[in-house]
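J.: Okay, predicted coordinates and the sequence, questions at the end:
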Amino acid sequence: MLRLVAGRIVSSIGTLLFVGLALFALTRSGPGSPARIVLGADATVEQIAQFEQAHGLDRSFLSQYAAWLGDVTRGDFGKSFVTGRDVAAEIANALPVTLAIVLFAFLIALVLGIGIGVLSALKPGGAFDRVSRFASVLGLSIPAFWLGIVLIRFLAVDLRLLPPGGYVPLSAGLTLHLQSILMPSLSLAVYYIAVLARMTQASLQETLRGDYVRTARAMGLSSRQVVFYALVNALPPVVNLAALSFGYMFGWALIIEQVFNIPGLSRALLNAISQRDFLLLQGIVFLFTAIFVFANLGADLINRVLDPRQRAAA
Amino acid sequence: MSGLRKALDGLDWSGWLGAGIVGLIVLAAIFAPLIAPYDPLALNIEDRLVAPDASHWLGTDQGGRDVLSRILFGARASLSVGIGAVLIGALIGVSAGIFAAYKGGLGEQVVMRIVDGVASIPLLVWAIAIVGILGVGPLPVGPLLLPNEVKIVVLVGGLFSPVFARVTYAVARRIAGADYVRARFLQGASHWQIVVGDVLPNCLSPIIVQGTLLVAIGIVIEASISFVGLGVQPPQPSWGTMLSDARSAIYSGEWWLPVFPGLAISLTVIGFNLLGDAVRELFDPRSEARTLVA
Amino acid sequence: MSPALLSVEGLRVGFRSADGGMIEAVRGVDFSVAPGEAVGIVGESGSGKSLSMLAVMRLLGAPARATGGRVLFDGEDLLAADEKRMRALRGRDIAMVFQDPQSSLNPALTIGRQITDVVRAHRGVSSAEARRIAAEALERVGIREAGRRLASYPHEFSGGMRQRALIAMAIACRPRLLIADEPTTALDVTVQAQIVDLIAELRRELGLAVVFISHNLQLVAEIVDRVVVMYGGKVVEDGPVEAIERAPRHPYTGLLKACVPSLSGPVGPLTAIEGAPPRLGRLPAGCPFSPRCPDAIESCASEMPALIAEAGHRTACWRPR
């Protein structure tokens, strides 16, 4: 089992490195070399060559990539050619903001999604079940950024309950912080509440039909315990889906941040794009990719470790 | 085709509703030039920011352009990106999956590793980054000048392909090893005949299920990318850009500007989701089509 | 004669069919079990034997319901009891083991956890004491190194061991009645005999009453005192095991017995019961076996014979042998 886990981790790291190489090639081959951007359109050939040699841009892709990777593992994402600022520092400034939104959204999705799914499964066909199924279809279909806009209109502009945008860091106070991330996180979470609720409902409904649940009832266990017996078997696929969702959330958070004017990684990324700051872009995209790869890895490992059938095979 | 008849019998009311919505939107997109009451690009400053009334059913925007017409034409962008991406993804993915399953050995390993690699790429981030790097201008390809959306379609299509590749690979491997296929092979059927005659038909249902659900995702992706300015470029109408333009209206009260494009997206996505769910119930209730998340 | 521990009177179980009508699967069943007595219930699939006992335990799944009759356990009507009362009885006074040990155990929890949960549900003991009781129960059903085995998961046990573990779970709280619903059907033949012997042994050691449901008359006859034969939702014969074995009175029982070829004696053609099992909802007004009965006369199909007792041996037949 341990060997399997280690193998998957190594495999994921390998995939990340490979994908990182593709990313590297893309950013380096995009129109507009860093030299031209920094030196200007009328730079001479010698000036460009000098620049490139000074920054190691004349070496082969692979060696540049290897050098960059080496730096990254030491926490050095390089200095931007365009702004001169330390890329790692810029990312470190923006990351906690995006992280706050995603983590809060993830928490909301887990609690509400699983909760709704469990309640739905316990009374199939009941009023709660039918309403939640209907709401799930809506939740899956309404684009998060539109929901954000609608929420701003109602809660911020009309009712003035929450600020219409901007970000208040935790250091400025918990209430203010939560108020500023509530709407963005909620908008982000709704789709995943629906996804997790559906999965939980289907999974629990199925496990409740299992023979071992009948045994638990036949032995006089309380209804709470019976549900627990079923839940233990119903949750692994849900947790797997949650791990995947965590990875996906980061992507959609970029859009949500734009709706709510949140100074997170999306602002850094879009600035990098408009300023053709490819070193910064590379760093940010690599970070996102790493998060995504490890979220997928987590989902896969959860499946293998928690699934009793897999355990049986191991 | 008995499969088609089974399909028609088996869809329940939500499936029909989904199919109806999808059909309507597709027709609206195709016939937009004929049905739209106004030219979606026609600026008309005198009639700017008109609330929905008899002459402009859904109102007008800051430039006096008719919202209804823009929504009808916007359907074209959304559908073409959504459906186009799925078609490209299916084409690449199915080919890769069948190739890997049949070739075996090193070819199989390499292809499936590449599939794993592509599946490890966070779609939205890379779409934004790549369009960012390439720029939002039109793409000159030979004699043609392709609009920005084409980059998105190809990109998203490529990133969708692992889903199709994995499904096809699993089915193809299962079938290639099946006894009846071996029997046919011994009887002289060529690999190609087996692929077309046995493998593809069995892949069809999970591909259709996944494809329908992916169209919904593709539509939201297009809207999101256009929302941040990296998708359909103005003045071409897209539901995403309409929502982006409508952001100031949140404060100034022209409710029709953010509401209708958002409803359009939601309705379209609901349609494809209902249809996809119904088709999944029909063809594949247990799953070769696992729950799809994005 | 001591009062019956379990007395089933006129039990009816039905379920709603697809078109809304009610189909009766158990149509007025009477039998009783004395304390410490072992009773076998024998019949084909669809005879209503499992449903009857599920009704006794009030474990019928949603589409099925008990629609009539009484089930007296120690004088208390279980059909009228509330769910809280039933939870107290289940696993403590009456316990049931089912057919498929593989799926009847929770794959995600250890055997020890599952047994101790049952013990602690009924007795307010500490977890250490519960583990001791669980280990003792495992020993009693023949699982060696019981202490260590508490930490095992079901997939680490063989089929026979799993069924033993389930039986251990059932007897851990010393119930007075053990219902075994086809406990050996899913097991290998060699293991079947072991489980049957185990049940017999437990009955002797603990003074349990046992209800053993099976489609196999031979198997059941080895350990029970009485046999109740069911067909088409009704009891057709009910008597001491020696009488049933030696001289079955109902034609169905006789045919059941004849179906099993004997290992001794000359090899002849195999006997089979003609016709197909009854379809619920399409049963004749009279004796459900009449369509297939070689001794049937006209009135058999139209009028249901009552259970007539004769020296503790009851038969529902117009023409008993």
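T.: Alright, I've got the coordinates. Values in this document were obtained by computation on a predicted structure and should not be read as measured data. Numbering: from 1, shown residues only, chains lettered A, B, ... in the order given.
J.: Distance of A:Ala242 relative to A:Val195?
T.: According to C-beta to C-beta, to the nearest Å, A:Ala242 stands 9 Å off from A:Val195. (C-beta placed from N, C-alpha, C; glycine too.)
J.: Show me the common contact partners of the two, please.
T.: Common contacts of A:Ala242 and A:Val195 (C-beta atoms under 8 Å, 6 or more residues apart in numbering or on different chains): A:Ala109, A:Gly113.
J.: tell me which residues in stretch A:165-175 are buried?
T.: Within stretch A:165-175, the residues that count as buried by 16 or more other C-beta atoms under 10 Å in any protein chain shown are A:Gly165, A:Tyr167, A:Val168.
J.: ends of it, how far apart?
T.: With C-alpha to C-alpha, to the nearest Å as the measure, the ends of stretch A:165-175 fall 15 Å from one another.
J.: Tell me how far it lies from the chain's centre.
T.: Distance of stretch A:165-175 from the chain centroid (C-alpha atoms, centre = their mean, to the nearest Å) equals 21 Å.
J.: What score does C:Leu206 have for pLDDT?
T.: For C:Leu206, the pLDDT comes out at 91.
J.: looking at it, it is touching C:Cys173, isn't it?
T.: No: the criterion here is C-beta atoms under 8 Å, and C:Leu206 misses it with C:Cys173 at 10.9 Å.
J.: which one of the two has more residues nearby?
T.: Using other C-beta atoms under 10 Å in any protein chain shown as the criterion, C:Leu206 and C:Cys173 rank with C:Cys173 on top: 19 against 14.
J.: Would you quantify the distance from that one to C:Ala88?
T.: From C:Cys173 to C:Ala88 the distance is 11 Å (C-beta to C-beta).
J.: Also C:Leu219?
T.: Taking C-beta to C-beta, one finds C:Leu219 at 32 Å from C:Ala88.
J.: Which one's more surrounded, these two?
T.: Higher neighbour count among C:Leu219 and C:Ala88: C:Leu219, with 20 against 14, using other C-beta under 10 Å.
J.: The more buried one belongs to a helix, doesn't it?
T.: Yes: looking at C:Leu219 with DSSP: H, G, I helix; E, B strand; the rest coil, it is inside a helix.
J.: Using PDB, write out the CA atom coordinates for the lengthiest helix in chain C.
T.: In terms of residue count, the longest helix belonging to chain C (DSSP state H) is helix C:189-206. Once non-C-alpha atoms are left out, helix C:189-206 reads as follows in PDB (Å, rounded to 0.1, in the frame of the first residue of the first chain):
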ATOM      1  CA  VAL C 189     -21.200 -27.700   1.200                       C
ATOM      2  CA  THR C 190     -18.500 -28.700   3.700                       C
ATOM      3  CA  VAL C 191     -18.900 -25.400   5.500                       C
ATOM      4  CA  GLN C 192     -22.700 -25.800   5.600                       C
ATOM      5  CA  ALA C 193     -22.500 -28.800   7.800                       C
ATOM      6  CA  GLN C 194     -20.200 -26.900  10.200                       C
ATOM      7  CA  ILE C 195     -22.500 -24.000  10.500                       C
ATOM      8  CA  VAL C 196     -25.500 -26.200  11.100                       C
ATOM      9  CA  ASP C 197     -23.600 -28.100  13.800                       C
ATOM     10  CA  LEU C 198     -22.600 -24.800  15.300                       C
ATOM     11  CA  ILE C 199     -26.200 -23.700  15.600                       C
ATOM     12  CA  ALA C 200     -27.200 -27.000  17.100                       C
ATOM     13  CA  GLU C 201     -24.400 -26.700  19.600                       C
ATOM     14  CA  LEU C 202     -25.200 -23.100  20.600                       C
ATOM     15  CA  ARG C 203     -28.800 -24.100  21.100                       C
ATOM     16  CA  ARG C 204     -27.700 -26.800  23.600                       C
ATOM     17  CA  GLU C 205     -25.200 -24.600  25.400                       C
ATOM     18  CA  LEU C 206     -27.300 -21.500  25.600                       C
END
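J.: Could you list every helix and strand in contact with that helix?
T.: With contacts taken as 3 or more C-beta pairs under 8 Å, 6 or more residues apart in numbering or on different chains; DSSP states H and E, helix C:189-206 sits against helix C:159-171, strand C:177-181, strand C:209-214.
J.: Save these as a markdown table, and put in mean pLDDT and distance to chain B too.
T.: Shown next, in a markdown table, are the helices and strands packed on helix C:189-206 (pLDDT from 0 to 100; distance: least, C-beta to the nearest C-beta, whole Å):
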| stretch | mean pLDDT | distance to chain B |
| --- | --- | --- |
| helix C:159-171 | 93 | 26 |
| strand C:177-181 | 94 | 28 |
| strand C:209-214 | 94 | 32 |
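J.: Return the per-residue confidence for the residue in the stretch 151-300 of chain C that chain B sits nearest to.
T.: Of all residues in the stretch 151-300 of chain C, the one sitting closest to chain B is C:His155 (22.0 Å; C-beta to the nearest C-beta). Looking at C:His155, its pLDDT stands at 89.
J.: how about the helices of the stretch 1-150 of chain B, start to end?
T.: Under the criterion DSSP state H, counting those that start in this stretch, the stretch 1-150 of chain B contains helices at B:2-10, B:13-30, B:32-35, B:67-103, B:105-119, B:123-134, B:148-176.
J.: what's the angle between the last one and helix B:123-134?
T.: The directions of helix B:148-176 and helix B:123-134 differ by 140 degrees, with axes from the mean of the first three to the mean of the last three C-alpha atoms, to 10 degrees as the criterion.
J.: And the fifth one, by the same measure?
T.: With the same axes, to 10 degrees as the criterion, the two stretches helix B:105-119 and helix B:123-134 enclose an angle of 90 degrees.
J.: Any chance you could list what contacts helix B:105-119?
T.: By C-beta under 8 Å, 6+ apart, the list of residues contacting helix B:105-119 reads A:15, A:18-19, A:22, A:296, B:93, B:96-97, B:99-101, B:103, B:158-159, B:161-163, B:165-166, B:169.
J.: Could you turn the buried ones of those residues into a PyMOL selection?
T.: PyMOL command restricting the contacts of helix B:105-119 to the buried ones, with burial defined by 16+ other C-beta under 10 Å:
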select buried, (chain A and resi 15+19+296) or (chain B and resi 93+96+97+99+100+101+158+159+161+162+163+165+166+169)
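J.: B:Ile221 reaches B:Gly84, doesn't it?
T.: No: using C-beta under 8 Å, B:Ile221 is not in contact with B:Gly84; the gap is 11.8 Å.
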